[in-house]
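Asker: sequence below, structure please.
(chains A and B)
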Protein chains: 2
Amino acid sequence: MRVTVLGSAAGGGFPQWNCACPNCSGIRAGTLRSQARSQAQVVVSPNAGECFLLNASPDLRTQILSRPFLGPAYPPRHTPIAGVLLTSADVDSVAGLLHLREFQPFHIYTTQSVRRIVCEENRIFRVLDRAKPPVVWHDVPLNAWLPLGTVKLSTGELPVRYRLVPLGSTYPDYVSEDLRQSLPPGEAVVGLVLGQGSKQLFYAPAIPGLSEEWKRWAQSSDLCLLDGTFWDENELISAGVGSKTAREIGHIPLSGAGGLLKEFDSAKRVRRVLIHINNTNPILDKQSAEHREVRDAGWEIAYDGMDLDL
Amino acid sequence: MRVTVLGSAAGGGFPQWNCACPNCSGIRAGTLRSQARSQAQVVVSPNAGECFLLNASPDLRTQILSRPFLGPAYPPRHTPIAGVLLTSADVDSVAGLLHLREFQPFHIYTTQSVRRIVCEENRIFRVLDRAKPPVVWHDVPLNAWLPLGTVKLSTGELPVRYRLVPLGSTYPDYVSEDLRQSLPPGEAVVGLVLGQGSKQLFYAPAIPGLSEEWKRWAQSSDLCLLDGTFWDENELISAGVGSKTAREIGHIPLSGAGGLLKEFDSAKRVRRVLIHINNTNPILDKQSAEHREVRDAGWEIAYDGMDLDL
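Answerer: Have a look, this model is predicted:
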């Protein structure tokens, strides 16, 4: 399975349009040893002829254009993108669906709750209904292996299975109180497990830390792309750009007790990659102590254009 | 007034992610004499220290980053973008508001109907309420001059006035039947007139051709950025990518009787620029007869990064 990182930053991207924190100012001025990053977006290509987006980032149009293999194969209109798997109803995860409004049929896989939030309270996404046939939403149960794929496999190609892992957390603030009260808490934020043959990928760009479920799937996978949003629990407060802690907005930090580095210090042969990195995170600076600490602990730091083979 | 074209293409951009029409294939292959274009976006900077976006395109994040003068002036967070004027509730016009979700106060000016569509039927845009103070929506009446500007002017700077011109057309398909029936038809699509001193700009990326109102404002302006979506009434049908005519989706074509070139063949000193150019439009090819015809008629063709001084 080919796994391509099209975007590696948290919401807002790096630099963020209105941010003049040391990282954002440094990357604009060319003085920071780092690289610009668009908002987190991954695409997996398990077999020839079709691929699947993991979430739909607000930067999706330019992200698709950045890779020729995602372009149409024949005129007048075509895409190898067969579907989109959504981990939440956050703007970061769903806004890019509006980029896909060009009368193109495809499939969306997510929890019933995320589908209800997007479809019942946000009529603008009905632009996806104009495709012929219309875009199809699939209500996916938690904790079940399901087949993924829409094309007939060639000799030597292996079927793909996927699974939604509940990670806790809350629904986005924009959801109405009425709808929120009718939604089960476990469907707000999920991790994605994709399996093909003996290989397994785990994708969790937001780990709220409210359950331990993610660890089991991270440990049993060959490749993990995990929540690298914040280095420190109080990062936004210290930077003067927010009033909430990392955990209050649904992300365990990398450092400290209960942080990702301590919680998932795998000795096994799991390839561990940090993604969804906020613009305030010091690991973005290749010359920082935090960057070195992460690399010394065996983690990789995702960048736009990173290719990962599974 | 500084007028900057950040994006010049119609919805989908050029190339469009799923399109393999001759233009899109040619630009991908590097064989077409043209340049890639993001979705229509203009920013005006009438005075030092503040600027206004004309619509909020789905490509807005990268468009803002493309111009250093749109970056923050001081830490931790700041923007010179004081407001956004919206011409419709189409995805092309409003999706970019989601890029502006980063806790940043600003103002949105549009018709009451567009505000109601966005705010009442699309809760996701409530992410703009998280700013302190929250983003402010202004219900703007049609056909009235109003002051635009939020900062105190320095010596020599002139105040700016703006005006919404009703252009006819219909509300987007995604709007509910209930809401649609309560909205006055004149507020669906507007043109924007901006005046400063003796200078005037007219912006109308969609001219449905249902009224003649646009002509008066185009003729009395110094600079017009007008609907260059389609060359031909049947362009989408001929290209095999749609079943509707140009007028059926709210755009008079450039060519033919009743087309923009014939309808606005100004002999006056009006600078006329085509914007919101669809990827199927032959004027995108600098070697085409249609490109030459447009240029010979005295029109300019907008491109990303075009600077226009007024």
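Asker: so A:G186: helix, strand or coil?
Answerer: Classification of A:G186 using DSSP: H, G, I helix; E, B strand; the rest coil returns helix.
Asker: interface residues of the stretch 201-310 of chain A facing chain B?
Answerer: A:A239, A:G240, A:V241, A:G242 (CB under 8 Å from any CB of the partner chain). Using the backbone N, CA and C atoms, a C-beta is placed for each residue, glycine as well.
Asker: list just the nearest of those to B:R130.
Answerer: Taking CB to CB as the measure, A:G242 is the one of these closest to B:R130, at 10.1 Å.
Asker: OK, contacts around the closest one?
Answerer: Counting by CB atoms under 8 Å, 6 or more residues apart in numbering or on different chains, A:G242 touches A:L236, B:F103.
Asker: and the residue nearest to A:V42 when sequence neighbours are not counted, what are its phi and psi?
Answerer: Distance criterion CB to CB, 6 or more residues apart in numbering or on different chains; nearest residue to A:V42, sequence neighbours excluded, is A:L54 at 4.2 Å. Phi and psi for A:L54, reported as degrees, to the nearest 10, are phi -100, psi 110.
Asker: quick one: the strands in the stretch 51-200 of chain A?
Answerer: A:81-85, A:107-110, A:136-139, A:146-148, A:160-166, A:190-196, A:199-204 (DSSP state E, counting those that start in this stretch).
Asker: hey, C-alpha coordinates of stretch A:184-193 in PDB?
Answerer: Taking C-alpha atoms only, stretch A:184-193 is exported to PDB below (Å, rounded to 0.1, in the frame of the first residue of the first chain):
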ATOM      1  CA  PRO A 184     -23.400   8.700  21.100                       C
ATOM      2  CA  PRO A 185     -20.100  10.100  22.500                       C
ATOM      3  CA  GLY A 186     -17.900   7.300  21.000                       C
ATOM      4  CA  GLU A 187     -18.500   8.500  17.400                       C
ATOM      5  CA  ALA A 188     -17.100  12.000  17.700                       C
ATOM      6  CA  VAL A 189     -13.400  11.200  16.900                       C
ATOM      7  CA  VAL A 190     -12.100   7.900  15.500                       C
ATOM      8  CA  GLY A 191      -8.800   6.500  14.400                       C
ATOM      9  CA  LEU A 192      -8.600   4.600  11.200                       C
ATOM     10  CA  VAL A 193      -7.000   1.100  10.800                       C
END
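Asker: list the contacts of that stretch.
Answerer: A:54, A:85, A:87-89, A:110-114, A:142, A:162-171, A:200-204, A:206-208, A:213-214, A:217, A:221, A:250.
Asker: would you mind listing the buried residues in it?
Answerer: Across stretch A:184-193, burial judged by 16 or more other CB atoms under 10 Å in any protein chain shown covers A:G186, A:E187, A:A188, A:V189, A:V190, A:G191, A:L192, A:V193.
Asker: for A:N234, grab the count of nearby residues.
Answerer: 14 (other CB atoms under 10 Å in any protein chain shown).
Asker: picking up where we left off before, closest to A:S93 among the buried residues of stretch A:184-193?
Answerer: For these, the nearest to A:S93 is A:V189 (9.1 Å; CB to CB).
Asker: any idea how many residues pack against the nearest residue to the closest one once chain neighbours are set aside?
Answerer: Of all residues not flanking A:V189 in the chain, A:S169 sits nearest, at 4.0 Å (CB to CB, 6+ apart). Residues contacting A:S169 under the criterion other CB under 10 Å number 23.
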